[in-house]
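A.B. asks: build me a structure from this.
(2 chains)
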Amino acid sequence: MSALLTVESLDVRHGLLQAVRQVSFEVAEGETLALVGANGAGKSTLLRAIAGAHRPAAGRIGFAGQDITRRPAYRRARAGIALVPEGRRLFPELTVEENLQVANASRRSGPWDVDTVLEAFPLLQPLRRKRAASLSGGEQQSTAIGRALMTNPRLLLLDEVSLGLAPVVVEGVYRSLANLIEAGTTILLVEQDLARAMGAADRVLCMLEGRVVLEGLRGQLTREQVTEAYFGLRRQEATA
Amino acid sequence: MTWVAAVVHGILLGGFYALLAAGLALLFGVMRIINLAHGSLALVGAYMSFLLVEHTGWSTYLTLLPVLPGALIVGYLLQRTMLERSLRAGQLVPLLTTFGLLIVIANLLQRFFSPDVHSLDEGSIGTAAWQTTSSLAIPWFDVLTLGIAVAVLGGLHLVLRRTQLGRELRATAADADTAELLGVNSRTVYARATAIAVATAALAGVFYGMRTGFDPNQGGAELLYAFEAVVIGGLGSLWGTLGGGIVLGVSQEIGAQINPEYFAIGGHLVFLAVLVGRSMAQASRIRYALRRFA
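C.D. replies: Numbering: from 1, shown residues only, chains lettered A, B, ... in the order given. As a prediction, this is how the structure comes out:
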């Protein structure tokens, strides 16, 4: 499998704070990679840097064989990178349908349009003319994922999709993710819930204080190893 | 009967205010950009039309054909070169930038066209009126102005609600970062919206020039009425702007009916009453919410 996304020695700063330090990794076409780590480990910042919402201070991001480090976010979306941002970030005054249609700006064709997204998230079907602000958390999350899918992405970045949702809703969200993974979508997901992350992904990357401290295939890592790396109990390099 | 005439003329006058306010409502109501140079840009439209009439002998209406596309270009460049930069520095900075632009435009117009009053020929429709009764004549030109205001506001409403540009514009105004993540080029979207706003300003300016004489320093004064129309109608609502313009026009005409000197003050008083009423309603909502928390 060839690498769809290549991240090389990436540094990202929030002012004086260096949130991501010298991170390098690759995501292969069709792969699902989970990014785990404690709060403040730099996971969200890393995703935002890949999507183009945050300019890296140093390093290189390659996508589908092209250097996209300096490309603005909208051109990355048009190239096929979609981010479901933390906190959903729907457009509150727009209806569910309009929220989805905004993504037509990516001008990418593919299997996903308003109808197929509503088919994949049947709970949105009766809500399509409702304002996004009036939706429940789970409905908003489904809309946010559907909206990202509308760009027909080659790489889907998911930031804490289960945050603040009831367990039964999270279950539903992950069921629809399983369908996406089966369909061959390349996914990079950030997840606080270790069990969920290790259940859904082919490979796990653990971050601590801005660095990748552990990386391995799902079958090769034990929960204990990941937990140790997660909390930084023992500073060790990748064992996989 | 004179009161009826005052109301009818007020409604027609309101149509003109709504036309002038349409672009403002788009920039101010949707994109939260306060463009103090809106009235001046309208004047530029009137002067460009005047220049074309002078050199070609066309009718004023025909000059709209080159003036409106020109205004689209000016608006696009205005956003890309000035407003975009000032917006990056904060929401209040465009206020200063456009105020500067207002002064620059007034001075440039004075330099090239002298401070004299100019006017545009409104054609044969200008003097024609529908004499309903002995005391009520409805000028066709005012009806045309109202009709165009309705068409412009209705068109803008449709663009915002039904087109991809409209959805992208509303999404960008709400959350530009997220819109960009979906492939929206927010800079182009804003530039297109400003282009449309400036084109409607130029259209209003040409109609203004046909209604009355204009001089280089009128941009600010006319802008005041347009702002009042937007605020009375409620921010962000295009049909509200039409209603706001009409309320303003009717108040002015009724004020003038009481005493010819009360024309402007009539409109200002209603504007003030709407503002005070709205903030009182908001205060009572906040008090109610606080009581529920306490």
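A.B. asks: contacts and neighbour counts: CA atoms only from here.
C.D. replies: Noted.
A.B. asks: tell me where the longest helix sits in chain A.
C.D. replies: Longest helix of chain A, by residue count under DSSP state H: helix A:167-182.
A.B. asks: can you give the strand pairings for the following helix or strand past that one, parallel or anti for each?
C.D. replies: Following helix A:167-182 in sequence order, the next helix or strand is strand A:186-190 (DSSP states H and E). Using DSSP bridges, strand A:186-190 pairs in its sheet with strand A:32-37 (parallel), strand A:155-159 (parallel).
A.B. asks: so which of these is the most surrounded?
C.D. replies: Among the strands paired with strand A:186-190, strand A:32-37 has the highest mean neighbour count (mean count of other C-alpha atoms under 10 Å in any protein chain shown), at a mean of 27.
A.B. asks: any idea which helix or strand comes after it?
C.D. replies: Per DSSP H and E, strand A:32-37 leads on to helix A:43-51 as the next helix or strand towards the C-terminus.
A.B. asks: give me the residues contacting that next one.
C.D. replies: The contact list for helix A:43-51 (C-alpha atoms under 8 Å, 6 or more residues apart in numbering or on different chains) reads A:12, A:19-20, A:35-37, A:54-56, A:61, A:73, A:76-77, A:81-83, A:86, A:157, A:159, A:190, A:207, A:210, B:181.
A.B. asks: for the longest helix of chain A, packing partners?
C.D. replies: Judged by 3 or more C-alpha pairs under 8 Å, 6 or more residues apart in numbering or on different chains; DSSP states H and E, helix A:167-182 is in contact with helix A:137-149.
A.B. asks: at the contact with chain B, which residues of chain A appear?
C.D. replies: Within chain A, the positions near chain B by C-alpha under 8 Å from any C-alpha of the partner chain are A:51-53, A:73-78, A:82-83, A:85, A:89, A:91-92, A:94, A:98-99, A:101-107, A:148, A:151.
A.B. asks: out of the residues you listed, which end up buried?
C.D. replies: Neighbour-count burial (16 or more other C-alpha atoms under 10 Å in any protein chain shown) is assigned, among the residues of chain A next to chain B, to A:51-53, A:73-78, A:82-83, A:85, A:89, A:91-92, A:94, A:98-99, A:101-107, A:148, A:151.
A.B. asks: before we move on, back to that, now the strands paired with strand A:186-190 in CSV, with mean pLDDT?
C.D. replies: Output for the strands paired with strand A:186-190, formatted as CSV (pLDDT from 0 to 100):
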stretch, mean pLDDT
strand A:32-37, 92
strand A:155-159, 94
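A.B. asks: any idea how far B:L62 is from chain A?
C.D. replies: 36 Å (C-alpha to the nearest C-alpha, to the nearest Å).
A.B. asks: swap in B:L160?
C.D. replies: Counting by C-alpha to the nearest C-alpha - B:L160 and chain A are separated by 11 Å.
A.B. asks: name the element A:G59 belongs to?
C.D. replies: Applying DSSP H and E as the criterion places A:G59 in strand A:58-63.
A.B. asks: which residues sit against the next helix or strand after that strand?
C.D. replies: Note on strand A:58-63: by DSSP H and E, the next helix or strand toward the C-terminus is strand A:66-67. For strand A:66-67, contacts defined as C-alpha under 8 Å, 6+ apart pick out A:R60, A:I61.
A.B. asks: and stretch B:278-294, by the same measure?
C.D. replies: For stretch B:278-294, using C-alpha under 8 Å, 6+ apart, there are no contacting residues.
A.B. asks: picking up where we left off before, distance to A:A166 added to the strands paired with strand A:186-190, as CSV?
C.D. replies: Output for these, formatted as CSV (distance: least, C-alpha to C-alpha, whole Å):
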stretch, distance to A:A166
strand A:32-37, 20
strand A:155-159, 17
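A.B. asks: so which of the ones you listed comes closest to B:R187?
C.D. replies: strand A:155-159 (24.1 Å; C-alpha to C-alpha).
A.B. asks: alpha carbons of that closest one, as CSV, please.
C.D. replies: In CSV, the C-alpha atoms belonging to strand A:155-159 read as follows (Å, rounded to 0.1, in the frame of the first residue of the first chain):
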residue,chain,number,x,y,z
LEU,A,155,-8.7,11.2,3.8
LEU,A,156,-11.2,11.7,6.6
LEU,A,157,-9.9,13.3,9.8
LEU,A,158,-12.1,12.8,12.8
ASP,A,159,-11.5,14.8,16.0
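A.B. asks: can you give me the offset of that strand from its chain's centre?
C.D. replies: 2 Å (C-alpha atoms, centre = their mean, to the nearest Å).
A.B. asks: could you do stretch A:130-150 as well?
C.D. replies: Counting by C-alpha atoms, centre = their mean, stretch A:130-150 is centred 16 Å from the centre of its parent chain.
A.B. asks: what does that stretch rub up against?
C.D. replies: Residues from elsewhere that reach stretch A:130-150 (C-alpha under 8 Å, 6+ apart): A:82-84, A:88-96, A:99-104, A:112-114, A:117-118, A:121, A:123-124, A:156, A:161, A:164-166, A:169-170, A:173, B:182.
A.B. asks: show me what the strand or helix carrying A:L5 pairs with in its sheet, parallel or antiparallel.
C.D. replies: Here A:L5, judged by DSSP H and E, is contained in strand A:3-14. Paired neighbours of strand A:3-14 in the sheet (DSSP bridges): strand A:17-28 (antiparallel), strand A:58-63 (antiparallel).
A.B. asks: most tightly packed of those strands?
C.D. replies: Note that of these, strand A:58-63 is the most buried (mean count of other C-alpha under 10 Å), with a mean of 19.
A.B. asks: so it versus helix A:43-51, what angle?
C.D. replies: Counting by axes from the mean of the first three to the mean of the last three C-alpha atoms, to 10 degrees, strand A:58-63 lies at 60 degrees to helix A:43-51.
A.B. asks: for B:V117, what are its contacts?
C.D. replies: Contacts of B:V117 were listed using C-alpha under 8 Å, 6+ apart, and they are B:G213, B:F214, B:D215.
A.B. asks: now the end-to-end length of stretch B:252-267.
C.D. replies: Stretch B:252-267 has an end-to-end distance of 5 Å (C-alpha to C-alpha, to the nearest Å).
A.B. asks: which parts of that stretch are buried?
C.D. replies: B:Q252, B:E253, B:I254, B:G255, B:A256, B:Q257, B:Y262, B:F263, B:A264, B:G266, B:G267.
A.B. asks: swap in stretch B:175-190?
C.D. replies: B:175-186, B:189-190.
A.B. asks: do the same with stretch B:81-101
C.D. replies: B:L83, B:E84, B:S86, B:L87, B:V93, B:P94, B:L95, B:T97, B:T98, B:F99, B:L101.
A.B. asks: how about B:A174: what's its closest non-neighbour residue?
C.D. replies: A:F91 (6.2 Å; C-alpha to C-alpha, 6 or more residues apart in numbering or on different chains).
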